[in-house]
Structure formats: structure tokens, C-alpha cells
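Participant: need coordinates for the following:
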Amino acid sequence: MQSHPKPPTPSGPAAVVDVEQAEAALVEHYPRLVRLAYLVLPPSLGRNRRVLTAHALTQRALPRSRKSADAALVPAQRGSGPHADPGYAYVRLRVLRSALEAGQPLRWTSWPKRAQLPPLFPQVRGLRLFPRSGGADELALDQRMSALSGAARAAYVLRGLEELDDTAVAAVLAAAGCDDPEDALDEADDVEERYDLLASPEFDPCSLQARPTDLMRRRQHMKAAGVAAVAALVCGALLGLPGEGWGPDGAAAPPYAQNPAGRAALDPGQLTVATASAWKRSPRTDFSVWPARGNLIGDRALLRRALAVWARPGESVRVSATPGSPSGAPPGPAQLLFAGDVDSARVVLLYDGLRIVRYAEPREGASGAALDFARVDGAGGTEANAVVVDRADGNIRYLTAPWVRSVSVQDLLKPAAEAVALHRSDDGVTDPFAGPAQSGQCTSWNALLLRDESGAVRMSSDLGELVPAHLTAGRPEAPREATPAQWSKSACSLASVRSNGVRAVNSWAYARQTLPEGNGTAQWVCTRADTWRGAGSRILAQFQTADGPAGAVAAKAEDSATCGSRDPHVLAGVRWKSRGGTWYLLAAGSKDVASLTATGGARVPGHVLARRTERDAELSLTGTLPGGRKLSPPR
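Facilitator: Numbering: from 1, shown residues only. Predicted coordinates:
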């Protein structure tokens, strides 16, 4: 392990920086400081929030008082440029300290720091802002940096963006509150020194693209707000009248309950209930044939509360919906799937033909209730195998379909390990098990293996929603049930499609390639995540070496037919360095690609390519299909 210098111990009093001097440095070097904050902030925030948070932290870098402020206890850099300016060193330290604090997890034992909270300003409504996309190298670097700790990311950025030597980096980190700067430097050593990429537009939060938020969802929210305003006026008058409160004639009843369908939707006696054996006689295997289960299916008061909250959730109710899932009131009587005690909550699962709705309240009353919506129209067989009944402290419990015979959990990063059998209650509720990590390093990824009555094993993964995503493998025209080994190097990429309303994800190893200079073999894999709403599909093309732990992202796209049943073709390329230090352009297309044309016009027959190149050479790639159609990497 490389030995790094320890941070110098400051001697003498700290320099004094005039506030006007710090303000001038902030204004002059604002883009540089915002880029630094953006790179140090955890990627788990998402690009839109990282952009706004980076600007907020930089704008708050000035001291609150107009008096002079102590400069950082860091030796100023010699020479010209911003490093020699103590005002710049001061605001840079303030930005860095805030960015490191923003990446720390919230704890119940202490009040959150200001940097850990969503920024009040700047705010952008109706738009998502994010930097322009870079190439494959920027994607690979961003992926590697996301696996580092906040202090290690800061060390890497200070080396590359600020061009500080290790002594100065250690000093800045120590002044910013890092407990072990030397350990951060050691961790940053594990990432290849591609400092030139830090100046890429991929990491420039001042040069942004704008896209609208979910327009359909926003329209629904506006309509819901209008309905809620009318409901508030009506209910305000009803509060002064006698009634039972939760019933269809009480104060909690929404205005639509005045029509017969609305009244039926609020009446627990009108709920549809399938018999225990309905699924055995039905040609369908979907949620409509799930029997009602749980120890509270006869609790009319609980069911009435669940229906009333669904119809008109109050301000204290936490409401969530997967993208594309309407969150409005039930159109008529729903079907009851489950009502029972789960851990410290009472949970009700309902189905209206389009959505699964989960209502949960604490056992000690109805305060702090939660209401979750998930779109499941057209679900059948595998997609209707399980629903989340409880999620707490990183653990998940599922309610499984009546045709599921056994359940086990498999860590996809350890495909050779034996799957762990999961116990279920008589009602079909599983014991809790650890779901995939929400953030941080991807050290494990637990998938659910469900064996049905035919003996087939279906594999699914939790992606933060009520219904797990079905994992498949093979050509897009005919995907088949996947095995853990087929997902071992692609599992961590599932984090990029979390909470996106994903229905199924297919992993397709579309090409294999022998690496130059006897460096072994590699495979090219395309993963495609399709959503319940149709739009919003996400594609990742990955380059995976036989001895590597995970794949490197070579290309990605959104809302594209590439790598799907309608367009089962794909092409991607990467720059790759051999063990001997030689740089190559590697590329591969699906097997039906007749030829490849690389940078400079060099054309080779077949669907794989390997040619020497320079480290910083431009990467241009085109494939040709037998009919003459041109194919480009997804973007």
C-alpha cells in the first residue's frame, strides 16, 4: 500500500480573510466550486438533487456574519491561480465540509445538519435539471467514484480538479473534518487516474439540460389538489354535523361518496373476496384469484378506515405511488387480498384491477398511516407472485401467491452459494429478509426465488416498490427464467432503475470476445428494464471481463426500443487497457451485425472488434446489419 504524508500540523494563528475577499473568490470561481461539490456529493441523491444541492452548498459557503472570518488552517498553495488566494481556500473548505456532511446518513440520536436536509434554495418546479451526458469513460469513472466513501471522493477530486499534492489534500481533508485523511487517500488510489475526465460536461452542474417532470403525474396532482380543496370546503361543513366520522355518511366521506358507486367503494361489506380454491379452477393466474388472507379480514372498522383513507388521505398520511400509478380514489368496490397484523402495524392490501393499494397503520391508533400505490395492470403468473406487506430497517416481508410452493433468498453476487429457504406463515407471509442496499457500496444483492406448483423457479428482485421486478435472461424476443449466475455481474446495475415502476428486467449476453494479448475473455451484456406504464424503459450495455467483479457501463439509453423485442439489436464499445499497458478500442454487436466501422473509418467484418488506440482517442462506432441498416450504440 502506498504511503501517504500525514496532514501538517498548523503552526501559528490562522490567516484572516475579509468577507468581501471571500465573496469575490466565490463569485469568480463559482463554476469550479459547484463542480467540486457535485463530484463529492453522493451519487445516490440522483442527478437533479445533486445539482441543486451543489449550488445550495456553494451559495451558503460565505459566513453569516459580515465580519472577517478565519481562513482554513491549510497552507496556501504556492504559485499563481486560485490556490494562492486565501479567500478561495476559505470558501473551498466550506463547500467541501458541507458536501461531506451532506453524504452522512441521518441518525435518530442527533439533529440533522443543515447540509443533510434538502436545500431550500435554489428550487426548480416542473423541471428536472441534470448535466449533459458524457461518453463511456465518464460513465465508468462515475460508477467507480460512486463506490468510494465521501472522503475518498473528495481526495480524488482535490487531486484531479484542484491539482493538489497528497500533503495538501490531507491537510484540506483534515480541516474539513475527515477523521482519517490517509485512509481516504489510500481508498482513492483504487480508482484509475482519469483526472482529465473531471472537466467533462458530465460533471458540470452549471451547464445543464432541462426535462419536464412526470407530466401525467403532475396533472393528476393538480386535479387531486383541486378535488382536495373542494373536499376541504365540504368536509368543513360536515364536521359540525353528527355522524360516525369514518363511514360513508360521516365527516371523512369524500364528496364522490354521494353517488352509488362511491358509497359502495367505501363499504367494507361490498369488498370482493375470492375463495381459497378460486385460483385452482381459473384459467388466469393473477391478483384477481388471490384469496383474502390475514387475521383481520373480519375487522370491519379497519377495512372502513383503509377505504376512507384511500378515498381521501389526510395530511398526516404518507402517500407514495410508483411512476405512472394513479393515486385517486377507488372507482368501485375493490378486492381484498390481505388484512392482518404484521410486526408493529396493521396492514391491508387491496386490488382494483389496475393497482395494488397498501394501507398500513400503527397498532396503537390510526395516526401516522401510510398509503402506497403500485400499477399492476396486465400482471399474470410470475408478475403476480408476491406483494410487499412490510418494509422496515432494510428488511422486507412479502405476501406470496397461493400457487407458490416454496420461497428462498439468493445473493446474486454469490451465485455458487446455496439459496437460503425462507419460512412463511400459514397466510403466506414470509419471514423478514435483507433487501438490496439503498445506497453505498454494492456488496450483496438478495433476490427472491419462488417455486410454483409446476416446479418452475421464478426470480424477482425488490426495487423499492410494492411488486418485485421479474428477472429474466436471454434474447429479447424469447426471454427465459434467469439463474443467479446469469445476473451475478449485472445485479448491482439494478440500483439505477430503483423506484422507476419497473415490471421486468432482462439480461442478454449478446456477444463474447477474446481479449487481446492473452488477457482472457469478456462478454457484452445488455440489460433492459421495462416499466408497467410502457414508457420510461432503461437500457444499459455493459462490458464484463471473466475475472472482474462487475460490469463497466459502456452505453445507456432511456425510452429506446434497442435491446427489446421490437428491435433486438445492440452495439457498444469501450476503451480498454491490457495488462501490458496497451490501450484498445473494443466493441461488439449482437450476432446479426454484419460489420463494424470504428474511429477513422476502419471497417471489419463480423460483430466484434479489437484495435489499438490512444487513451484519449475519440470513440466512434457504427454497425451494419445484413439489410444495410446502420446501428449505433444506445444513447
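
Participant: OK, contacts around residue 95?
Facilitator: Contacts for residue 95 (CB atoms under 8 Å, 6 or more residues apart in numbering) come out as 33, 36, 37, 57, 58, 61. Quick note: C-beta positions are derived from backbone N, CA and C, even for glycine.

Participant: pretty sure the last one contacts residue 88?
Facilitator: What that stands for is residue 61. No. Using CB atoms under 8 Å, residue 61 makes no contact with residue 88, being 10.5 Å away.

Participant: give the buried residues for stretch 445-463.
Facilitator: 445-450, 452, 457-463 (16 or more other CB atoms under 10 Å).

Participant: err, stretch 373-384, not the other one
Facilitator: 373, 374, 375, 376, 379, 382, 383, 384.

Participant: returning to what we had before: so between residue 61 and residue 88, which is more surrounded?
Facilitator: residue 88 (25 against 22; other CB atoms under 10 Å).

Participant: related to what we said a few turns ago, please identify which pair of the buried residues of stretch 445-463 lies farthest apart.
Facilitator: Pairwise distances across the buried residues of stretch 445-463 (CB to CB) peak at 22.9 Å, for the pair 445 and 452.

Participant: quick revisit: quick one: which of the contacts of residue 95 sit in helices?
Facilitator: 33, 36, 37, 57, 58 (DSSP state H).

Participant: so how far is residue 58 from the first one?
Facilitator: Noted for residue 33: a distance of 5 Å to residue 58, by CB to CB, to the nearest Å.

Participant: what do these two both touch?
Facilitator: Applying CB under 8 Å, 6+ apart, one finds that residue 33 and residue 58 are jointly contacted by 26, 91, 95.

Participant: just those residues: which are in helices?
Facilitator: Reading helices off the shared contacts of residue 33 and residue 58 with DSSP H, I get 26, 91, 95.

Participant: which intervals of the stretch 251-400 of the chain have sub-threshold pLDDT?
Facilitator: Scanning the stretch 251-400 of the chain for pLDDT under 70 picks out the ranges 251-262, 365-367.

Participant: all helices for it, in order.
Facilitator: Listed in chain order, the helices found in the stretch 251-400 of the chain under DSSP state H, counting those that start in this stretch are 260-265, 278-281, 300-311.

Participant: the stretch 101-250 of the chain: strands as residue ranges?
Facilitator: Ranges of strands within the stretch 101-250 of the chain are 127-131, 208-212, based on DSSP state E, counting those that start in this stretch.

Participant: roughly how far apart are the nearest residue to residue 538 once chain neighbours are set aside and residue 325?
Facilitator: Nearest non-adjacent residue to residue 538, counting by CB to CB, 6 or more residues apart in numbering: residue 529, 4.7 Å away. For residue 529, the distance to residue 325 (CB to CB) stands at 16 Å.

Participant: cool, and residue 129?
Facilitator: The value you get for residue 129 to residue 325, if CB to CB is used, is 25 Å.

Participant: compare the two and say which is more crowded by neighbours.
Facilitator: Counted by other CB under 10 Å, residue 129 and residue 325 do not tie: residue 325 has more neighbours, with 24 against 18.

Participant: quick check: residue 471 touching residue 482?
Facilitator: Yes. The pair residue 471 and residue 482 passes the contact test of CB under 8 Å, sitting 4.8 Å apart.

Participant: what's the overlap in contacts for those two?
Facilitator: Both residue 471 and residue 482 are in contact with 459, 507, where contact means CB under 8 Å, 6+ apart.

Participant: the more surrounded of these two?
Facilitator: Just comparing residue 471 and residue 482: by other CB under 10 Å the higher neighbour count belongs to residue 471, 28 against 23.

Participant: name the helices or strands packed onto the helix or strand where that one lies?
Facilitator: Per DSSP states H and E: residue 471 is located in strand 469-473. Using 3 or more CB pairs under 8 Å, 6 or more residues apart in numbering; DSSP states H and E as the contact test, the elements touching strand 469-473 are strand 457-461, strand 480-481, strand 502-514.

Participant: rebuild those strands as TSV, extending it with distance to residue 419.
Facilitator: Formatted as TSV, the helices and strands packed on strand 469-473 follow (distance: least, CB to CB, whole Å):
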stretch	distance to residue 419
strand 457-461	9
strand 480-481	14
strand 502-514	18
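
Participant: highest mean neighbour count out of the helices of the stretch 251-400 of the chain?
Facilitator: Highest mean neighbour count among the helices of the stretch 251-400 of the chain (mean count of other CB atoms under 10 Å): helix 300-311, with a mean of 21.

Participant: show me what it is packed against.
Facilitator: With contacts taken as 3+ CB pairs under 8 Å, 6+ apart, helix 300-311 sits against helix 260-265, strand 335-342, strand 345-351, strand 355-362.

Participant: if I look at the nearest residue to residue 470 once chain neighbours are set aside, how far off is residue 21?
Facilitator: In space, and not counting its chain neighbours, residue 470 is closest to residue 504: 4.2 Å by CB to CB, 6+ apart. The gap separating residue 504 from residue 21 is 57 Å, by CB to CB.

Participant: now do the domain split for this structure, please.
Facilitator: Following automatic domain parsing, one finds the domains of the chain at 16-212, 215-377, 383-631.

Participant: gap between the longest one and the chain center?
Facilitator: For domain 383-631, the gap between its own C-alpha mean and the chain's C-alpha mean amounts to 15 Å (CA atoms, centre = their mean, to the nearest Å).

Participant: next, the distance between the ends of that domain.
Facilitator: Terminal residues of domain 383-631 lie 33 Å apart, using CA to CA, to the nearest Å.

Participant: which residues does stretch 628-635 contact?
Facilitator: Under CB under 8 Å, 6+ apart, the answer for stretch 628-635 is 133, 539, 541, 554-557, 560, 562-563, 569-573, 589, 593, 621-625.

Participant: can you give me the end-to-end span of it?
Facilitator: 21 Å.

Participant: can you check stretch 536-551 too?
Facilitator: 23 Å.

Participant: report the mean confidence score over it.
Facilitator: Confidence for stretch 536-551, expressed as mean pLDDT, is 88.

Participant: likewise for stretch 596-609?
Facilitator: 88.

Participant: what about it, how long is it end to end?
Facilitator: 7 Å.

Participant: buried set for it?
Facilitator: Neighbour-count burial for stretch 596-609 flags 596, 597, 598, 607, 608, 609 (criterion: 16+ other CB under 10 Å).

Participant: mind checking which of the residues you listed land in strands?
Facilitator: 596, 597, 598, 608, 609 (DSSP state E).

Participant: bridge partners for the fourth one, pull those for me.
Facilitator: Beta bridges link residue 608 to residue 588, judged by DSSP bridges.
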